[in-house]
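**Student:** please work out how this folds:
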Amino acid sequence: MSFEYLKKAKEIYILCPGGIQTGGPELLHQLAALLQSMGRKSYIVYYPLKQNWQIPEAYLRYECQQAYQVPDREDVAVIVPETLPSFFDSFKNAICVIWWLSVDNYRGNLDTLKYTKIWLKKSLIHGFKFRTQILHLFQSDYARDFVNKRFNANGQMLSDYLASEYLESVNTDQNNRQNMIVYNPLKGAKFTKKLQMAMPDVKWQALEKMTRLQVRETLETAKVYIDFGTHPGKDRIPREAAMCGCVIIVGLRGAACFNQDVPIAEEYKYPVENGQIEVIAQKIRDIFANYTFHYHHQENYRNTIKAEPNLFKQQVEKIFFC
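**Tutor:** Predicted structure coming up:
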């Protein structure tokens with residue numbers, strides 16, 4: 001099946017985990033909203049099905065239409081994240097699309113979900129011959145590379161963009177910054193802890209138990225944001241931190257290894273190894289001392305982020321319309 005079938009779909013249903021507010025679900029709402037604004041009938045469908053899910057308050061801004069069932073017709077397209085391949089098991093007619101928002105979440109399913117092994121046996125190993133071919137969309141170049149190498153499958157890039165508050169009204173004042181390192185405690189916690197022990201004199205701030213506004217205000221006052229997690233896709237928080245004026249340092253893992261996904265100079269990317277702790281600490285202290293220089297050195301990263309809404313719309317036009 002080619003993407004020409006997707007362009008002819010009269011209705012598009014986008015599966016989204018219910019009750020979760022993270023980068024992936026927000027992106028699913030962004031796609032539904034954009035398709036609606038461009039004249040396509042599109043719906044958010046929360047799963048597990050048959051539960052009374054409400055659109056999260058943070059996503060009401062997208063004004064998405066919500067559906068509770070997905071019809072199995074040839075003029076219907078069904079888009080699911082990589083965590084939900086089993087949803088296609090009962091479909092014979094609809095156009096089925098996997099949107100690879102994360103590589104690591106899929107890999108986790110290999111070990112924890114029995115249905116994934118069945119899905120692999122039926123579809124990936126046999127090239128989807130057991131049913132209509134599945135189309136692939138990639139949020140990151142990392143995901144595109146993974147699917148191509150592992151399954152010899154191709155598809156189309158459909159990335160994402162940040163919420164408007166990180167693109168329009170962020171305070172990037174360089175004069176009142178603290179020598180502070182901001183981090184997500186859910187990303188690379190063990191390695192981050194070692195770095196903290198090597199820099200006990202530095203102020204550290206975890207992004208936890210905060211509202212969206214509090215996260216933004218914190219990022220607007222710090223000089224450095226670090227992420228030594230797995231980078232399962234093109235993560236949002238490093239980009240949000242960059243747009244808030246932080247200098248970004250990441251570990252060379254996952255999507256951070258791909259310049260298309262994290263386009264910052266190699267001097268800000270480090271192997272997640274114990275021998276790198278002191279090197280990273282020295283880099284951070286240099287950023288504290290020469291913040292303006294390092295801030296301007298990541299200008300291309302911020303410009304790339306600013307251009308993402310237009311790029312996303314162009315990708316949607318190519319995939320669903322042109």
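**Student:** use CA for all of it now, contacts and neighbours both
**Tutor:** OK.
**Student:** how about the strands in this structure?
**Tutor:** 11-17, 41-47, 76-81, 95-100, 135-138, 156-157, 178-183, 203-206, 222-227, 247-251, 269-270 (DSSP state E).
**Student:** out of those strands, nearest to residue 170?
**Tutor:** strand 222-227 (13.2 Å; Cα to Cα).
**Student:** quick one: the closest one to strand 178-183, angle?
**Tutor:** 20 degrees (axes from the mean of the first three to the mean of the last three Cα atoms, to 10 degrees).
**Student:** verify the stated contact: residue 220 with residue 169.
**Tutor:** No. The criterion here is Cα atoms under 8 Å, and residue 220 misses it with residue 169 at 11.2 Å.
**Student:** in contact with residue 231, which residues?
**Tutor:** When contacts are counted by Cα atoms under 8 Å, 6 or more residues apart in numbering, residue 231 touches 253-256.
**Student:** and with 10 Å instead?
**Tutor:** With contact set as Cα atoms under 10 Å, 6 or more residues apart in numbering, residue 231 has these partners: 102-104, 142, 187-188, 250-257, 261-262.
**Student:** sort these by pLDDT and name the bottom one.
**Tutor:** Among these, residue 104 carries the weakest pLDDT, at 81.
**Student:** now that residue. Nearest residue, chain neighbours left out?
**Tutor:** Excluding its sequence neighbours, the residue lying closest to residue 104 (Cα to Cα, 6 or more residues apart in numbering) is residue 232, at 5.1 Å.
**Student:** could you measure the one you found against residue 307, distance?
**Tutor:** Using Cα to Cα, to the nearest Å, residue 232 is found at 22 Å from residue 307.
**Student:** comparing the two, which residue is more hemmed in?
**Tutor:** residue 232 (21 against 12; other Cα atoms under 10 Å).
**Student:** now residue 212: how far from residue 260?
**Tutor:** Applying Cα to Cα to residue 212 and residue 260 gives a distance of 27 Å.
**Student:** who has more neighbours, the two?
**Tutor:** residue 260 (14 against 10).
**Student:** mind listing what the more buried one touches?
**Tutor:** 140-142, 234, 304.
**Student:** ok, so of those residues, who is nearest residue 291?
**Tutor:** Scanning the contacts of residue 260 for proximity to residue 291, where the rule is Cα to Cα, the winner is residue 304, at 20.4 Å.
**Student:** which helix runs longest in the chain?
**Tutor:** When the chain is parsed with DSSP state H, its longest helix is helix 23-37.
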